[in-house]
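A.B. asks: Predicted model, plus sequence, below.
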Amino acid sequence: MTPANATIVTDLLKAAGFDFAVTLPATQVHTLQTSLIESPDFEHVAVSNEGEGAAICAGAWLGGRTPFMVIETSGILVATYALLRCHATFGSGSLAEAGPVADRLRDRGGRTVALHRR
């Protein structure tokens, strides 16, 4: 991801009301992770595995925050149990986006596409 796209994603996450970032170090999204860490608009927690990240997001949500997690695409599979368990137990919402988000942030007319959350 380019630095410009990382800035776009960071700005859209802030505009959508997210305030708590959980990241797992990964090469594909390193630029985005750096942007989130440096932003004063997000509380940031780095984790060592995807399940831990999903559980921390659930805890942040229960505490009144609006969390999200940035992981590589393959991490969705690894985090599946934790995501489903947290939703079944606490009713926490989940939004999964697989693939390079920044490539789809502008529609064909060049307008910025907003991120939606439940």
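C.D. replies: Received it, and whenever you're ready, just let me know what you need.

A.B. asks: where does this structure dip in pLDDT?
C.D. replies: 73-118 (pLDDT under 70).

A.B. asks: where along it do the strands fall?
C.D. replies: In the chain, the strands defined using DSSP state E lie at 20-23, 43-46, 67-70.

A.B. asks: Nearest approach to residue 8 belongs to which of these?
C.D. replies: When the strands of the chain are compared by C-beta to C-beta, strand 67-70 sits nearest residue 8, at 14.1 Å. Heads up, the C-betas are built off the backbone N, CA and C, glycines and all.

A.B. asks: helices and strands around the closest one, which ones?
C.D. replies: strand 20-23, helix 30-38, helix 50-62 (3 or more C-beta pairs under 8 Å, 6 or more residues apart in numbering; DSSP states H and E).

A.B. asks: can you tell me which of these comes nearest to residue 6?
C.D. replies: The nearest among the helices and strands packed on strand 67-70, by C-beta to C-beta, is helix 30-38 at 4.2 Å.

A.B. asks: Tabulate the strands of the chain (JSON lines), appending mean neighbour count.
C.D. replies: Shown next, in JSON lines, are those (neighbours: other C-beta atoms under 10 Å):
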{"stretch": "strand 20-23", "mean neighbour count": "23"}
{"stretch": "strand 43-46", "mean neighbour count": "14"}
{"stretch": "strand 67-70", "mean neighbour count": "23"}
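
A.B. asks: Would you mind giving those as CSV with distance to residue 61 added?
C.D. replies: Shown next, in CSV, are the strands of the chain (distance: least, C-beta to C-beta, whole Å):
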stretch, distance to residue 61
strand 20-23, 8
strand 43-46, 13
strand 67-70, 6
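
A.B. asks: Need the helices and strands packed on strand 67-70 in TSV (columns: distance to residue 72).
C.D. replies: Shown next, in TSV, are those (distance: least, C-beta to C-beta, whole Å):
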stretch	distance to residue 72
strand 20-23	11
helix 30-38	10
helix 50-62	9
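
A.B. asks: just these: most buried one?
C.D. replies: Of these, the one with the most neighbours on average (mean count of other C-beta atoms under 10 Å) is strand 20-23, at a mean of 23.
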